[in-house]
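Q: the sequence and its predicted three-dimensional model are supplied below.
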Amino acid sequence: MPLDGPQTFDADCMVRMMQSITERIAQEGNAVVVGRGSPYFLRERGDTFRVFLYAPRDEKLRRIVAGGISSKEA
């Protein structure tokens, strides 16, 4: 993304960009947007369907241990 002048791409810029993109996707019609702040960015819209998915505790622990953390620490 081209930046003019002394602008920098920092966290605030990224949030503004993601909000703009998410809002454009929502305006275009049916879409699935996963994460990236979409529940927050679209919180005022009455035409959104929100779902929160999570893994069972055992699966979360298995993934942590597979990543090199001890079972006790996990």
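A: Cool, got the structure. What you are looking at is a predicted structure, and each value in this text was computed from that prediction instead of being measured.
Q: so what's residue 37 up against?
A: By C-beta atoms under 8 Å, 6 or more residues apart in numbering, the contact set of residue 37 is 15, 18, 19, 22. (Glycine included, C-beta is placed from N, CA and C.)
Q: next one: the first one from residue 36, what distance?
A: Yep, that's residue 15 we're talking about. From residue 15 across to residue 36, the span is 10 Å (C-beta to C-beta, to the nearest Å).
Q: cool, the third one as well?
A: When C-beta to C-beta is applied, the distance between residue 19 and residue 36 equals 10 Å.
Q: same deal with the last one?
A: Plainly put, residue 22 is 7 Å away from residue 36 if you go by C-beta to C-beta.
Q: circling back to that earlier point, ok, and the most crowded of the contacts of residue 37?
A: Counting neighbours by other C-beta atoms under 10 Å, residue 22 leads these with 19 neighbours.
Q: what helix or strand is that residue on?
A: helix 11-28 (DSSP states H and E).
Q: show residues contacting that helix.
A: Counting by C-beta under 8 Å, 6+ apart, 1, 7, 31, 33, 36, 37, 38, 41, 42, 45, 48 sit against helix 11-28.
Q: now the helices: where do they sit in this protein?
A: Taking DSSP state H as the criterion, the chain contains helices spanning 11-28, 38-41, 57-66.
Q: quick one, which of the ones you listed is packed in tightest?
A: Across those, the average number of neighbours (mean count of other C-beta atoms under 10 Å) peaks for helix 38-41, which reaches a mean of 17.
Q: can I get it in PDB, CA atoms only?
A: Output of helix 38-41 as PDB, limited to C-alpha atoms (Å, rounded to 0.1, in the frame of the first residue of the first chain):
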ATOM      1  CA  SER A  38     -14.700  -8.100  12.200                       C
ATOM      2  CA  PRO A  39     -17.000  -8.600  15.200                       C
ATOM      3  CA  TYR A  40     -15.900  -5.200  16.500                       C
ATOM      4  CA  PHE A  41     -15.900  -3.400  13.200                       C
END
